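Participant: pasted the sequence and its predicted model underneath.
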Amino acid sequence: MRILDTKFMRGFIKMADDGFQQGWHERNGGNLTYRLKPEEVDEIKPRLGEGNGWTPVGASVPGLAGEYFLVTGSGKYFRNIIVDPEACLAIIELDDKGENYRLRWGLVEGGVPTSELPTHLMNHEVKKRVTDGKHRVIYHAHTTNIIALTFILPLKDEVFTRELWEAATECPVVFPQGVGVVKWMVPGGRDIAVETSRLMEQYDVAIWAHHGMFCSGENFDLTFGLLHTVEKSAEILIKIYSVVPGKLQTITADNFRDVGEAFHVTLPEKFLFEKPDCEIGQRT
Ligand code: 2HA
Ligand code: ZN
């Protein structure tokens, strides 16, 4: 099957373009990776190149040994993916130790996989383990309102989760485990990858202070939908805090317990701490 005609490729390209249309991918900002299913690898194998030499990943991910990934290219612009996917994207194969990769398709005008490859692969490794192989998509975007929130809220998982949940009733149902927050760190390396993948043990969302967000999910719809929902909630919060210093009323801890019961989701009690009834003039 022609690689560009496969369902996973079309889904990947659509998701990337949806993200660009949302305004989350200025210049070369953001990156997206997808762990191929064995049958998807079989389907395209006759059309893959030989791969010329192995390159270190920059992290060790033995849990992903031998796996294939569709990834965005370093320095490539999301806005160009839909126009020229073969120049902007790559299919890479990991070696039998999960330490090196080789290029099997794409990047026809040259280049290397995303600069955030260590974080993507370490996240994939954690998520493959904790979801029994269900999660396949890791998405990083420069979401405007989440970034803005990281300047005005304490960089704590509990505070971000509670604020995001309060801004839209669907949120605790969409991300019941909450969100994790990584303090400002240098992007592109192993250290930030370690911090992020540690959060991915318990969350599907990791916020990078003053930078953006990472989400993990089973497929393109769920992963895009998750990131979109979190960013929409952040937009509501930025609108609220642009108008008043605090909320006059909000969804309470007991309200969340009721939502949890009604929608059969378990909301960790660490996010349901008591707060003053009226928050005008105060911040969490
Ligand atoms: O430029 O988003 O974090 C790609 C990035 C790096
Ligand atoms: Zn980034």
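Facilitator: Ah, there it is. Ligands and ions are numbered 1, 2, ... in the order given.

Participant: the closest residue to Lys156 other than its chain neighbours in helix, strand or coil?
Facilitator: Nearest residue to Lys156, sequence neighbours excluded (CB to CB, 6 or more residues apart in numbering): Val181, at 6.4 Å. Any C-beta I mention is one placed from the backbone N, CA and C, and that applies to glycine too. Secondary structure state of Val181, per DSSP: H, G, I helix; E, B strand; the rest coil, is strand.

Participant: in contact with the closest residue to Leu107 other than its chain neighbours, which residues?
Facilitator: Leaving aside its sequence neighbours, Leu107 sits nearest to Ala90 (CB to CB, 6+ apart; 4.7 Å). The contact partners of Ala90, by CB atoms under 8 Å, 6 or more residues apart in numbering, come to 70-73, 103, 105-107, 111, 113.

Participant: and with 10 Å instead?
Facilitator: Listed by CB atoms under 10 Å, 6 or more residues apart in numbering, the contact partners of Ala90 are 33, 69-74, 76, 101, 103-108, 111-114.

Participant: just Val112 next, same as before
Facilitator: 55, 71, 73-75, 90, 92, 101, 103.

Participant: my guess is Lys7 meets Leu36, correct?
Facilitator: No. With contact defined as CB atoms under 10 Å, Lys7 does not count as touching Leu36 (11.3 Å).

Participant: who has more neighbours out of these two?
Facilitator: Legend: neighbour count by other CB atoms under 10 Å for Lys7 and Leu36, higher for Leu36 (19 against 11).

Participant: the residue lying closest to the more buried one once chain neighbours are set aside and ligand 1: what is the separation?
Facilitator: Setting aside the residues directly before and after it, Leu36 is nearest to Tyr68 in space (CB to CB, 6+ apart), at 4.3 Å. Tyr68 sits 22 Å away from ligand 1, going by CB to the nearest ligand atom, to the nearest Å.

Participant: so how many other residues sit close to Tyr68?
Facilitator: Neighbourhood size, Tyr68 [other CB under 10 Å]: 22.

Participant: so what's the spatially most central residue of the chain bridging to?
Facilitator: For the chain, the residue sitting closest to the mean C-alpha position, by CA atoms, centre = their mean, is Cys215 at 2.2 Å. Counting by DSSP bridges, Cys215 forms beta bridges with Tyr139, Val205.

Participant: which SS class is the closest residue to ligand 1 within the stretch 101-250 of the chain?
Facilitator: Nearest residue of the stretch 101-250 of the chain to ligand 1 (CB to the nearest ligand atom) works out as Pro187 at 4.2 Å. Of the three states, Pro187 takes coil under three-state DSSP.

Participant: and the closest residue to it other than its chain neighbours, how close does it get to Glu39?
Facilitator: Leaving aside its sequence neighbours, Pro187 sits nearest to His211 (CB to CB, 6+ apart; 6.3 Å). The gap separating His211 from Glu39 is 36 Å, by CB to CB, to the nearest Å.

Participant: the more surrounded of those two?
Facilitator: When His211 and Glu39 are compared for neighbours, His211 comes out ahead with 19 against 7, by other CB under 10 Å.

Participant: strands of the stretch 151-284 of the chain, start to end?
Facilitator: Secondary structure of the stretch 151-284 of the chain (DSSP state E, counting those that start in this stretch): strands at 180-182, 205-208, 212-217.

Participant: what does the stretch 151-284 of the chain put close to ligand 1?
Facilitator: Pro187 (CB under 6 Å from any ligand atom).

Participant: please, where are all the helices along the stretch 151-284 of the chain?
Facilitator: 157-167, 171-174, 190-199, 220-243, 253-263 (DSSP state H, counting those that start in this stretch).

Participant: JSON lines please, covering the ones you listed and showing mean pLDDT, mean neighbour count and distance to Ser60.
Facilitator: Below are the helices of the stretch 151-284 of the chain laid out as JSON lines (pLDDT from 0 to 100; neighbours: other CB atoms under 10 Å; distance: least, CB to CB, whole Å):
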{"stretch": "helix 157-167", "mean pLDDT": "98", "mean neighbour count": "23", "distance to Ser60": "26"}
{"stretch": "helix 171-174", "mean pLDDT": "98", "mean neighbour count": "22", "distance to Ser60": "33"}
{"stretch": "helix 190-199", "mean pLDDT": "97", "mean neighbour count": "19", "distance to Ser60": "9"}
{"stretch": "helix 220-243", "mean pLDDT": "98", "mean neighbour count": "19", "distance to Ser60": "25"}
{"stretch": "helix 253-263", "mean pLDDT": "98", "mean neighbour count": "14", "distance to Ser60": "38"}
